[in-house]
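Colleague: predicted model and sequence below, questions to follow.
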Amino acid sequence: MANDTQVQSSLQPHVIWQDGIHPEPCIVVIFGATGDLTRRKLLPTLAHLMHAHPQPQGFVVVAFARRPFTQEQWRQLVVQALAENSPPELGLDEEARQSFAQRTFYCQANLNESTGYQKLAQLLEQLDQQYQTHGNRIFYLAIPPDLYAPVVHRLGENGLVHRPHGGHRANHHGPWSRVIIEKPFGRDLPSAQKLNREIARILHEDQIYRIDHYMGKETVQNILAMRFSNGIFEPLWNQKYIDHVQILVAEDIGIGGRAEYYDEAGAIRDMVQNHIFQVLCLTAMEPPVAFEADAIRDEKVKLLRAIPPLTPEEVAHQVVRGQYTRGTINGQEVPGYREEEGIPADSSTETFVALKLFIENWRWADVPFYIRTGKRLPKRSTEVTIQFKRVPHLLYKPSEARELIPNRLTVRIQPEEGITLKFGAKVPGAAQRLKSVDMTFSYASAFQMEPPDAYERLIADCMLGDSTLFIRRDEIETAWRIIDSITTAWQQMPAESVRPYAAGTWGPAEADELIQRDGREWDTP
Ligand SMILES: NC(=O)C1=CN([C@@H]2O[C@H](COP(=O)(O)OP(=O)(O)OC[C@H]3O[C@@H](n4cnc5c(N)ncnc54)[C@H](OP(=O)(O)O)[C@@H]3O)[C@@H](O)[C@H]2O)C=CC1
Ligand SMILES: O=C1O[C@H](COP(=O)(O)O)[C@@H](O)[C@H](O)[C@H]1O
């Protein structure tokens with residue numbers, strides 16, 4: 001497809017497809033094509049991937065859902081979804097939107113009925129002929145989670161997924177089939193194990209792409225680049241020099257229209273089990289032997305295994321739960337969680353969690369990792385703070401070093417993506433006065449390039465058969481084992497242990513006490 005549109009941003013477009021890399025043609029089947037995720041994220045991402053694709057016959061999209069749309073109505077919806085949700089910097093003008101829409105095909109059927117899969121199989125065969133997609137398939141499960149296993153089962157039953165030859169390596173010979181599975185992947189260890197077992201009856205692990213969009217964020221991937229491409233950080237990256245680590249994922253938004261899902265999940269399942277643990281893994285894991293899917297994922301699993309499940313006493317002392325009440329954010333009054341549409345008036349679901357955990361290995365012995373996440377906090381900010389220890393002996397008098405804090409490296413994942421190192425400097429003048437100052441790297445000014453959307457990177461990787469940034473079976477199960485130790489302890493605790501906090505504040509006072517008890521402070525942006 002000709003790249004004939006204007007980029008409407010002062011920043012350069014990023015490179016989506018590396019020179020010389022040619023993804024094999026394929027059909028992307030979206031189950032749940034009329035849903036929120038597809039409209040807001042998947043269609044703009046796929047349209048952009050197609051617009052920039054190195055081959056004119058790159059891929060086609062099949063949209064599967066129950067609603068009785070005609071092909072024409074569906075295509076109009078695609079164009080509308082792109083107009084509403086495609087960021088201007090992607091440069092998708094009306095012509096590009098229309099052109100993408102023409103390569104999408106609507107398949108109306110019910111995922112619970114076999115006839116739907118037969119209808120789909122026929123359509124896929126016909127499109128294979130028409131677009132030379134050679135039987136290659138990506139099935140994207142953007143559907144309610146209770147349908148993940150039944151849909152995979154039906155795909156197998158109806159011969160819609162090819163098992164790779166020789167039992168492994170999904171992309172070695174012949175046509176390939178890959179399945180992208182959205183979150184939530186289970187709600188605890190037993191349900192995640194069951195889901196893994198069920199899908200493993202049909203799919204080899206190499207065909208399963210469990211998505212966590214945080215892994216698609218440039219700034220999250222840059223944690224590895226920063227650690228393992230710079231000689232200066234790694235020697236300091238351990239308990240000898242690091243006092244503690246903080247991970248903050250703050251959101252000013254509430255729960256949007258997802259009351260039913262969120263009230264079941266709460267902040268710990270919605271954010272900690274997946275996104276925050278991924279950030280934690282990249283921050284703390286050992287160097288992998290190669291930049292390869294299994295080498296990286298092996299290290300992530302090893303790291304998670306080194307986090308012991310918390311005892312009920314530890315949960316009582318080291319984990320704070322909060323729920324927002326009515327408050328003000330950016331000058332606007334917002335309702336409390338229990339006043340949100342669809343949330344029971346007596347809900348005790350947490351919208352905030354602060355916790356302390358330890359990684360019991362050689363590198364991190366006795367270094368606390370403090371995690372904090374919540375909805376309706378004062379601002380949106382995701383950061384990792386590496387707090388270094390004090391120098392062993394300070395030459396300066398306390399009065400001279402009043403404005404000095406120990407070195408601190410802050411990795412800003414979003415927004416204002418960048419890295420800041422705080423270090424001590426002498427204030428100019430005759431007096432010996434020290435002050436902490438910032439050395440800052442900003443993505444926007446260093447690269448002057450639009451970062452790719454997380455979904456774009458992940459779907460492109462799936463097309464290329466690269467599962468490095470996707471979550472492996474043992475990784476997800478190990479993460480649930482830690483979370484289960486917390487949620488199980490919560491079941492024995494009174495509802496009042498979920499502490500209220502006013503929307504627009506940084507969570508309940510107990511969260512401050514959690515870190516202050518250790519003589520430390522939150523690094524609040
Ligand atoms: N929305 C988001 O921001 C995010 C969503 N996710 C996950 O993505 C998945 C989808 O979420 P979301 O888009 O919000 O959900 P929606 O409820 O908006 O959409 C669900 C989709 O599934 C389809 N569907 C449901 N049942 C059937 C069926 N029996 N046969 C055929 N199609 C069916 C619906 O089609 P129709 O009703 O038209 O028949 C609809 O297209 C969920 O697992 C969610 O957890 C993950 C991260 C973020
Ligand atoms: O998966 C989810 O992530 C979003 C936050 O994503 P971000 O990229 O904006 O940081 C969160 O709002 C949502 O509750 C959760 O399900």
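Modeller: Structure received. Ligands and ions are numbered 1, 2, ... in the order given.

Colleague: mind checking the SS state of residue 385?
Modeller: strand (DSSP: H, G, I helix; E, B strand; the rest coil).

Colleague: tell me the spacing between the residue nearest to residue 443 when sequence neighbours are not counted and ligand 2.
Modeller: Leaving aside its sequence neighbours, residue 443 sits nearest to residue 417 (CB to CB, 6 or more residues apart in numbering; 4.2 Å). (Each C-beta comes from the backbone N, C-alpha and C, glycine too.) With distances taken as CB to the nearest ligand atom, to the nearest Å, residue 417 is found 12 Å from ligand 2.

Colleague: report the contact partners of residue 417.
Modeller: Residues in contact with residue 417 (CB atoms under 8 Å, 6 or more residues apart in numbering) are 218-219, 442-444, 451.

Colleague: how about the strands in the stretch 351-500 of the chain?
Modeller: Ranges of strands in the stretch 351-500 of the chain, per DSSP state E, counting those that start in this stretch, are 352-358, 368-374, 381-388, 408-414, 418-426, 434-442, 498-502.

Colleague: what separates the residue nearest to residue 443 from residue 268, distance-wise?
Modeller: Distance, residue 417 to residue 268, using CB to CB, to the nearest Å: 26 Å.

Colleague: just residue 19 next, same as before
Modeller: For residue 19 relative to residue 268 (CB to CB), the value is 43 Å.

Colleague: so the two - more neighbours on which side?
Modeller: Counted by other CB atoms under 10 Å, residue 19 and residue 268 do not tie: residue 268 has more neighbours, with 22 against 7.

Colleague: I'd say that one and residue 489 touch.
Modeller: No. The criterion here is CB atoms under 8 Å, and residue 268 misses it with residue 489 at 11.4 Å.

Colleague: need the overlap of contacts for those two.
Modeller: Between them, residue 268 and residue 489 share no contacting residue, judged by CB under 8 Å, 6+ apart.

Colleague: in space, what's closest to residue 295 - neighbours in sequence excluded?
Modeller: That would be residue 288: by CB to CB, 6+ apart, it lies 4.0 Å from residue 295.

Colleague: quick check, the one you found in a helix?
Modeller: No. According to three-state DSSP, residue 288 belongs to no helix; its state is coil.

Colleague: so what's the residue count around it?
Modeller: 19.

Colleague: tell me the contacts of it?
Modeller: 295-296, 298-299.

Colleague: and it, how far from residue 159?
Modeller: 37 Å.

Colleague: same check on residue 83?
Modeller: From residue 83 to residue 159 the distance is 38 Å (CB to CB).

Colleague: from the centre of the protein, give me the residue that's furthest out.
Modeller: residue 430 (50.1 Å; CA atoms, centre = their mean).

Colleague: hmm, whichever helix or strand residue 322 is part of in reach of ligand 2?
Modeller: Using DSSP states H and E, residue 322 falls within strand 319-325. No. Judged by CB under 6 Å from any ligand atom, strand 319-325 and ligand 2 are separated, with a smallest distance of 13.3 Å.

Colleague: could you pull up the mean pLDDT of that strand?
Modeller: The average of the pLDDT scores along strand 319-325 is 98.

Colleague: returning to that earlier point: could the contacts of residue 288 go into a markdown table alongside distance to residue 45, neighbour count and pLDDT?
Modeller: Shown next, in a markdown table, are those (distance: CB to CB, whole Å; neighbours: other CB atoms under 10 Å; pLDDT from 0 to 100):
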| residue | distance to residue 45 | neighbour count | pLDDT |
| --- | --- | --- | --- |
| 295 | 27 | 13 | 97 |
| 296 | 23 | 22 | 97 |
| 298 | 29 | 18 | 98 |
| 299 | 28 | 19 | 98 |
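
Colleague: restrict the residues you listed to contacts with ligand 1.
Modeller: Answer for the contacts of residue 288 near ligand 1: none qualify (CB under 6 Å from any ligand atom).

Colleague: in CSV: those residues, plus distance to ligand 2 and secondary structure.
Modeller: CSV is the format used below for those (distance: CB to the nearest ligand atom, whole Å; DSSP: H, G, I helix; E, B strand; the rest coil):
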residue, distance to ligand 2, secondary structure
295, 26, helix
296, 21, helix
298, 25, helix
299, 23, helix
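
Colleague: tell me the contacts of residue 396?
Modeller: Counting by CB under 8 Å, 6+ apart, the residues that residue 396 touches are 404, 432, 434.

Colleague: again with residue 326
Modeller: Counting by CB under 8 Å, 6+ apart, residue 326 has contacts 333-336, 339, 502-503.

Colleague: likewise for residue 412?
Modeller: 219, 381-383, 418-420, 525.

Colleague: ok, now with 7 Å
Modeller: Going by CB atoms under 7 Å, 6 or more residues apart in numbering, residue 412 touches 383, 418-419.

Colleague: buried subset of those residues?
Modeller: 383, 418-419 (16 or more other CB atoms under 10 Å).

Colleague: out of the residues you listed, which comes closest to ligand 1?
Modeller: residue 383 (21.6 Å; CB to the nearest ligand atom).

Colleague: number of nearby residues for the residue of the chain found nearest ligand 1?
Modeller: Using CB to the nearest ligand atom, the closest approach of the chain to ligand 1 is made by residue 35 at 2.3 Å. By other CB under 10 Å, 16 other residues sit near residue 35.

Colleague: what's the burial count for the nearest residue to it once chain neighbours are set aside?
Modeller: Counting by CB to CB, 6+ apart, residue 142 is the residue found nearest to residue 35 once chain neighbours are left out, at 5.6 Å. As a burial measure, residue 142 scores 22 neighbours (other CB under 10 Å).

Colleague: moving C-terminal of whichever helix or strand residue 127 is part of, what's the next helix or strand?
Modeller: Remark: residue 127 resides in helix 114-131, with elements defined by DSSP H and E. Sequence-wise, the next helix or strand downstream of helix 114-131 (DSSP H and E) is strand 137-141.

Colleague: what's next to that next one, contact-wise?
Modeller: 26-31, 42, 148, 151, 155, 177-182, 462-463.

Colleague: same question, stretch 343-352
Modeller: 259, 263, 266-268, 321-324, 337-338, 374-376, 495, 498, 501, 507.

Colleague: out of those, which end up buried?
Modeller: Buried among these (16+ other CB under 10 Å): 259, 263, 266-268, 321-324, 337-338, 374-376, 498, 501, 507.

Colleague: residue 436 contacts residue 403, doesn't it?
Modeller: Yes. Counting by CB atoms under 7 Å, residue 436 touches residue 403, with 6.5 Å between them.
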